[in-house]
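Peer 1: show me how the following folds:
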Amino acid sequence: MERVRLGHSGIDVSRLCLGTMTWGSQNTQAEGHAQADMAMDHGVTFWDTAEMYPTNPVKAETVGNTETIIGTWLSQRGGRSRVQIATKISGAGQAAVRDGAPITGAALRAAVEDSLRRLQTDYIDLYQLHWPNRGSYHFRQAWRFAPRVTDRSEVEAHMLDVLHTAADLIDQGKIRAIGLSNESTWGAALWLHLAQTHGLPRMMSVQNEYSLLCRQFDTDWCELSTLEDMPLLAFSPLAAGLLSGKYAGDVVPEGTRRSFTPDLGGRITPQVFPAVAAYLGIAATHGLDPCQMAIAFCLSRPFPCIPIIGATSLGQLAVNLKAADLSLSESVLADIAIAHRLHPMPY
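Peer 2: Now for the predicted structure:
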């Protein structure tokens, strides 16, 4: 597995990242461990989790269980330095975590300590802010987006509080780097500006949704990511399974993510299945597995991109892992470009 540098962090990670959000809900601990073993066998040493995981749905009684499963794997297998672990603090509004309290410096410190305990480790490689307190346009909120906070000084004070705490945590060796998630270009630019101005830790990466069906990153974010060397950790590169084709015809196979979340977080729309059909057609025409094509597309982008691959079975994971060896031809990319113009924003 090829390795890449995580922006300015000095941390080398695998070119694919293992997503773990189903461990503890759709997947048992034993299944999570088996996925971890398979990932390691293929050189995928970069793993992403969050304090609120597992999902589908998020429940107060299961918050933190995914980190606990990773912690038991680390305890049983050993070799903490073999893996690079990324986790996240939940932003404001998630009732299952700290009653929906916002991110503050104090909350950041407490959440890091809790994650360290569950993960059974002394340090976290990348600690991310799961979403901004001020809200965002992600998760289908773009259709009604309007800034919730209009006082820039309030935003700056919050960011400086978080960055000072992050500096302390880095100095203490509890985290190695800090990153963003579900953030806007304006927000990222301000984080970078404040860090540079005040000599505080730089945000090293951003974890936003990106796939053939969700390409909001292709414009302003593409420019910022490239020029600032802020890699995208692309979550849902298979669009919550839509691009695999398993929901084609608007079906809901038993045990799939859609059986738990019928609208797939707002991704099921009248426009989505024609778009999915277009990409499935491209894969069939060129003799490609649709999942591997979708993940390889993320790897082909002009900005630094690390797809986060998740699975609920070892068979799915085995297929997805092979995307690392796939390079899409110019003819495939040309067909994808045509399909994108025909189906630009299906959800």
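
Peer 1: number of residues surrounding the closest residue in space to Thr72 that isn't next to it in sequence?
Peer 2: Take Thr72 and drop its neighbours on the chain: the residue closest to it by CB to CB, 6 or more residues apart in numbering is Gln29, 6.4 Å away. Every residue, glycine included, has its C-beta placed from N, CA and C. Neighbour count of Gln29, defined by other CB atoms under 10 Å: 16.

Peer 1: doesn't Glu67 make contact with Gln29?
Peer 2: No: contact criterion CB atoms under 8 Å: Gln29 and Glu67 do not qualify, at 11.9 Å.

Peer 1: what ranges do the strands span in the stretch 101-250 of the chain?
Peer 2: 124-129, 175-181, 203-207, 232-234 (DSSP state E, counting those that start in this stretch).

Peer 1: mind giving me JSON lines with those and columns for mean pLDDT?
Peer 2: Below are these laid out as JSON lines (pLDDT from 0 to 100):
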{"stretch": "strand 124-129", "mean pLDDT": "99"}
{"stretch": "strand 175-181", "mean pLDDT": "98"}
{"stretch": "strand 203-207", "mean pLDDT": "98"}
{"stretch": "strand 232-234", "mean pLDDT": "99"}
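
Peer 1: so can I have CSV of these showing mean neighbour count?
Peer 2: As requested, these are exported to CSV (neighbours: other CB atoms under 10 Å):
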stretch, mean neighbour count
strand 124-129, 24
strand 175-181, 23
strand 203-207, 26
strand 232-234, 25
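
Peer 1: minimum distance to Val58: which of these has it?
Peer 2: Nearest of those to Val58, taken as CB to CB: strand 175-181 at 15.0 Å.

Peer 1: for that closest one, packing partners?
Peer 2: Judged by 3 or more CB pairs under 8 Å, 6 or more residues apart in numbering; DSSP states H and E, strand 175-181 is in contact with strand 124-129, helix 152-171, helix 185-198, strand 203-207.

Peer 1: CA-only coordinates of whatever helix or strand Thr66 lives in in CSV, if you can.
Peer 2: Using DSSP states H and E, Thr66 sits in helix 65-77. Provided in CSV are the C-alpha atoms of helix 65-77 (Å, rounded to 0.1, in the frame of the first residue of the first chain):
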residue,chain,number,x,y,z
ASN,A,65,-18.2,1.9,21.6
THR,A,66,-16.3,2.0,18.3
GLU,A,67,-13.2,3.5,20.0
THR,A,68,-13.5,0.8,22.7
ILE,A,69,-13.5,-1.9,20.0
ILE,A,70,-10.3,-0.4,18.5
GLY,A,71,-8.8,-0.2,22.0
THR,A,72,-9.4,-3.9,22.5
TRP,A,73,-7.8,-4.7,19.2
LEU,A,74,-4.7,-2.6,20.1
SER,A,75,-4.6,-4.3,23.5
GLN,A,76,-4.8,-7.8,22.0
ARG,A,77,-2.6,-7.2,18.9
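
Peer 1: thank you, goodbye.
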